[in-house]
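1. here's a sequence, model it:
(chains A and B)
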Amino acid sequence: MTNQKQKININANYKTKYGFNVAENYVYKTEKGLNEEVVKKISEMKDEPKWMRDFRLRAYKIFKEKPMPTWGGDLSKIDFDNIFYYLKPTDNQKRDWEDVPIEMKETFEKLGIPQAERQHLAGVKAQFDSEVIYGSLLKELEDEGIIFLGTDEALKKYPEIFEEYFGKLVPPSDNKFSALNSAVWSGGSFVYIPKGAHVKRPLQAYFRINAQNMGQFERTLIIADEGSYASYVEGCSAPIYSADSLHSAVVEVFVKKGARFKYTTIQNWSNDVYNLVTKRAKVEEDGVMEWVDGNLGSRLTQKYPSCYLVGERAHGEVLSIAYGGKGQHQDAGGKIFHISPNTTSSIISKSVSAFGGRTSYRGLIYVSPSAKNAKSRVECDALILDAESRSDTFPTMKIDESSANIEHEATVSKIGEEKLFYLMSRGLTETEAMSLIVSGFIEPIVKELPLEYAVELNRLIELEMEGSVG
Amino acid sequence: MLKIEDLHINIEGKEIVKGINLEIASGEIHALTQALMGHPTYEITKGKVTFNGKNLLKMNPSERSLAGLFLSFQYPSEVLGVNIANFLRLVYNKRVKKTLYPAAFRKLLKEKMEILDMKEEFMDRYLNEGFSGGEKKRMEILQMLILKPKIAILDETDSGLDIDALKIVSKGVTLLNKTAKTGVLLITHYTRLLNHIKPDKVHVMRNGKIVKSGGHELANELEKKGYTAFEE
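-> Numbering: from 1, shown residues only, chains lettered A, B, ... in the order given. Presented below is the predicted three-dimensional model:
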């Protein structure tokens, strides 16, 4: 075998594909840094009800008081004073693609959003920095009572829903970054699926950071009413700057009795974005929540989608896939809280680290004394492609009920010479053999992705390789 | 033609192969009794191995395969998540330098699988994952039928096979030898495989050297007398 080691560099062509930016041409931009005035200004710009303004101000206080968490990745380089908290790109959201300002249109066209909409999607939201600039929903779904709006617009139209649900699952006090998001949130999606409605095609949102030193704080609220079914997909990317950006979202999903909701994320932020997101679902009787969480980009991601299984026989699932390349740390996983009897869950995590990158699995399974016969399965597998890269596992199990049935499996593997030799003996180059092993490793999760994302992910792994002496 | 000249091999500093010579022409079947391959860390200390005049020792496994050499593994790796049909289409297209699309390839694959008495469902399983010993050996022979090599080296392909599986594997090897004129080198401890695949030449290897070469009758002699009769 040759000594020339080929390695897989998943985002080798990030710069041309996602890393472009368009000229900054904002309707409004707050000053850099955060203080009470900035929070008030955001609320004022959005012409919000008083309770939301108070909510923001309360959250800002909590954000200031809470210390920076130190249990995960290195957050010490985040400079909160050097970030723009609100950038308004355009006056209002467009319903017709033709009305979207040209530079934003070009951005999303380059990212393939309108094509995907025509081919696969039930509805689309496109967020550019702080605001949703384009939205659509198939007419027949609108007629069925399905609501898919930017969160700001939805707050104006359905204030009573917001007072009931907003911030109830992820309160500002949950963690420092949920407090920050609550103080300065802007954009995001609001989804309401009425009782019994089945939406077959996914709803999609795409989040794009364009400006330098930008902080994007979208807020997503989803309610799947009794017996309904729907799925939601989000993608994210940003230009490459040498300065850091911050993405800190909060997502709350309410899955009602017998409903089923699938939430898929493929984040491919550029390597200067801190991605610190809180995602949580509350699942009622016989409800099913599935999180599919793909983390490819960002400098540091800390994200553990969670399910509170509050109704009997509720089921929660997290499929997590992470790639940690050069200068990256993906700290991902999932949390499941079994509150009611006969609830079931699974967390499956697959991570790949290469080029000195780092992945960590962090997970929690909690079974409360009230959750008789809870069943959970955790599987986390890590693949490490070279000696400079690293992977860690931090599983926590808190089981307060003796009838619980909990399985946990973890593996860490390296690409074995034996497997490479075997595949190469059939005519594959070393690089081809390696990419086949990596694709195979993540295949169980990729097959859960919507087709266009699965194809994209496989293409990224197949194509982006770099020759370097190992 | 595969030509081995004065080959010496060390494993962990100890000389295991002490100078063997072997020539296998297209369409010939040779049997070499006693195993010498399958060790991950071997070192060739002396000798030449050429394939149609090209130095095989300077090629990596991929290049050797594309040149028309096939090695059937004694213990094939399990490769999780890799769909057999997709994988075989990939290597087939590389080997024949054309693009056969999935539907056409699956048809070809199905035909080959029928020869080996393999169920069609196998093509959508993951490569060797959870396969029994016998299934893995069949998968090796299937790959060989797909790649149609000029020279195939079968390392202990018979070990761990029951009589039915042995017959099927033999059928595949014989078929390829007859139809594609593939030269075959069977490396085996036992002579029972040689009742199903008739080699043109048998080489008995003892203590790192070929001590006797002969026709098929040598296999019978070996079966009757045992290896010790061939000690120097």
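
2. from here on, just use CA atoms for contacts and neighbour counts.
-> Fine.

3. least confident secondary structure element in the chain?
-> No chain was given, so I picked chain A. strand A:465-467 (a mean of 36; mean pLDDT, DSSP states H and E).

4. ah, I was thinking of chain B
-> helix B:217-225 (a mean of 84).

5. for that one, which outside residues touch it?
-> Applying Cα atoms under 8 Å, 6 or more residues apart in numbering or on different chains, the contact partners of helix B:217-225 are B:T191, B:L194, B:V202.

6. just give me the residue closest to the centre of the chain.
-> Answering for chain A, as no chain was given. Against the mean C-alpha coordinate of chain A, by Cα atoms, centre = their mean, the closest residue is A:T265 at 4.4 Å.

7. let's do chain B instead
-> Note: chain B centre (Cα atoms, centre = their mean) maps to B:L154, 1.9 Å.

8. tell me what the host helix or strand of that residue is packed against?
-> Per DSSP states H and E: B:L154 is located in strand B:151-155. On a contact count with 3 or more Cα pairs under 8 Å, 6 or more residues apart in numbering or on different chains; DSSP states H and E, strand B:151-155 meets strand B:69-72, strand B:183-188.

9. endpoints of stretch A:67-86, how far apart?
-> 23 Å (Cα to Cα, to the nearest Å).

10. distance from it to the middle of the chain?
-> 18 Å (Cα atoms, centre = their mean, to the nearest Å).

11. residues touching it, excluding its own?
-> Contacts of stretch A:67-86 with the rest of the structure, by Cα under 8 Å, 6+ apart, involve A:29-34, A:42, A:129-130, A:176, A:184, A:186, A:213-216, A:244-246, A:300, A:302, A:329, A:331.

12. go ahead and confirm A:E117 touches A:K125.
-> No - with contacts counted by Cα atoms under 8 Å, A:E117 stays clear of A:K125, the gap being 9.8 Å.

13. which one of those two has more residues nearby?
-> Neighbour count, other Cα atoms under 10 Å in any protein chain shown: between A:E117 and A:K125, A:K125 has more, with 29 against 18.

14. who are the packing partners of whichever helix or strand the more buried one is part of?
-> Assigned by DSSP H and E, A:K125 belongs to strand A:123-128. Contact analysis of strand A:123-128 by 3+ Cα pairs under 8 Å, 6+ apart lists strand A:131-137, strand A:147-150, strand A:203-208 as its packing neighbours.

15. contacts for that strand?
-> A:89, A:104, A:108, A:117, A:132-138, A:148-150, A:187-189, A:202-210.

16. relative to that strand, what are the paired strands and their orientations?
-> strand A:131-137 (antiparallel), strand A:203-208 (parallel) (DSSP bridges).

17. near chain A, which residues of chain B are found?
-> B:40, B:59-66, B:70-71, B:76-82, B:91, B:94-95 (Cα under 8 Å from any Cα of the partner chain).

18. B:L127: neighbouring residues, count only.
-> For B:L127, using other Cα under 10 Å, the count is 25.

19. cool, the one 5 residues further on as well?
-> Taking other Cα under 10 Å as the criterion, the count of residues near B:S132 is 11.

20. next one: it from A:K419, what distance?
-> According to Cα to Cα, B:S132 stands 18 Å off from A:K419.

21. what do you get for A:K372?
-> For A:K372, the distance to A:K419 - Cα to Cα - is 44 Å.

22. of these two, give the one with the bigger neighbour count.
-> A:K372 (21 against 17).

23. please look at the more buried one and A:D400 and confirm they touch.
-> No - assessed by Cα under 8 Å, A:K372 is found out of contact with A:D400, at 9.9 Å.

24. of all residues in chain B, which one is closest to chain A?
-> B:G81 (3.7 Å; Cα to the nearest Cα).

25. which element is that residue on?
-> Here B:G81 is assigned to no helix or strand, by DSSP H and E.

26. so what's it up against?
-> A:I437, A:S439, A:G440, A:F441, A:I442, A:E443, A:P444, B:Y126, B:L127.

27. rebuild those residues as CSV, extending it with distance to A:D386.
-> What follows is those, written out as CSV (distance: Cα to Cα, whole Å):
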residue, distance to A:D386
A:I437, 14
A:S439, 17
A:G440, 18
A:F441, 16
A:I442, 17
A:E443, 21
A:P444, 23
B:Y126, 25
B:L127, 24
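
28. which one of those is nearest B:K46?
-> Nearest to B:K46 out of these is A:I437 (Cα to Cα; 34.2 Å).

29. ramachandran coordinates for that closest one?
-> phi -60, psi -40 (degrees, to the nearest 10).

30. could you do A:E417 as well?
-> Dihedral angles (degrees, to the nearest 10) for A:E417: phi -60, psi -40.

31. could I get the buried residue list for stretch B:150-162?
-> For stretch B:150-162, the neighbour count (16 or more other Cα atoms under 10 Å in any protein chain shown) marks B:K150, B:I151, B:A152, B:I153, B:L154, B:D155, B:E156, B:T157, B:D158, B:S159, B:L161 as buried.

32. just give me the least confident of the residues you listed.
-> Taking the buried residues of stretch B:150-162 together, the minimum pLDDT is found at B:S159 (79).

33. how far away is it from B:T228?
-> Taken as Cα to Cα, the span from B:S159 to B:T228 is 21 Å.

34. then B:R138?
-> From B:R138 to B:T228 the distance is 32 Å (Cα to Cα).

35. now A:P444
-> 52 Å.

36. between these two, which one's more packed in?
-> A:P444 (16 against 9).

37. and the more buried one, what does it touch?
-> Contacts of A:P444 (Cα under 8 Å, 6+ apart): B:G81.

38. understood, closing this out.
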